[in-house]
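Colleague: Just to be clear, the model below is a prediction. Sequence and coordinates:
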Amino acid sequence: MPLLRLIEIFLRETGMPRTRFGRLCAGDPRLVDDLRNGREPREALRKRVEHFMNIYRQEHA
């Protein structure tokens, strides 16, 4: 599944604002907007974002 789709699902599930998400997982508050505008993430960023979402879900379950 594309990374942006995973992020959109996560944001809907958690109610987290997109800028907070970007800041917490990648130190980039524009991350989600950039992905929506066509930015292609490298593998390292994809892994970091997926790891953040997995840990967040475990801690807030």
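Modeller: Great, that's in hand.

Colleague: what separates stretch 2-10 from the chain centre, distance-wise?
Modeller: Centroid separation for stretch 2-10 versus its chain: 7 Å, with Cα atoms, centre = their mean, to the nearest Å.

Colleague: quick one: contacts of it?
Modeller: Contacts made with stretch 2-10 from outside it, assessed by Cβ atoms under 8 Å, 6 or more residues apart in numbering, are listed as 16, 21, 32, 35, 36, 41, 46, 49, 50, 53, 56, 57. Just so you know, the C-beta spots here come from the backbone N, C-alpha and C atoms, and that holds for glycine as well.

Colleague: go on, stretch 38-45?
Modeller: With Cβ under 8 Å, 6+ apart as the test, stretch 38-45 has contacts from 3, 26, 35, 49.

Colleague: Compare those residues and tell me which is most surrounded.
Modeller: Highest neighbour count within those, by other Cβ atoms under 10 Å: residue 49, with 23 neighbours.

Colleague: State the distance from that one to residue 32.
Modeller: Distance from residue 49 to residue 32, counting by Cβ to Cβ, to the nearest Å: 10 Å.

Colleague: cool, residue 3 as well?
Modeller: For residue 3, the distance to residue 32 (Cβ to Cβ) stands at 10 Å.

Colleague: Check the secondary structure at residue 20 for me.
Modeller: Of the three states, residue 20 takes helix under DSSP: H, G, I helix; E, B strand; the rest coil.

Colleague: how many neighbours does it have?
Modeller: 13.

Colleague: Out of the contacts of stretch 38-45, which two sit at the greatest distance?
Modeller: Largest separation among the contacts of stretch 38-45 by Cβ to Cβ: 3 and 26, giving 11.2 Å.

Colleague: which residues do these two both contact?
Modeller: Contact criterion Cβ under 8 Å, 6+ apart; residues shared by residue 3 and residue 26: residue 49.

Colleague: For residue 32, which non-adjacent residue is closest in space?
Modeller: With sequence-adjacent residues excluded and distances taken as Cβ to Cβ, 6 or more residues apart in numbering, residue 32 is closest to residue 18, at 3.9 Å.

Colleague: Give the buried residues for the helix ranked longest in the chain.
Modeller: Using DSSP state H, we find that the single longest helix of the chain is helix 43-59. The neighbour-count check on helix 43-59 (16 or more other Cβ atoms under 10 Å) flags 45, 49, 52, 53, 56 as buried.
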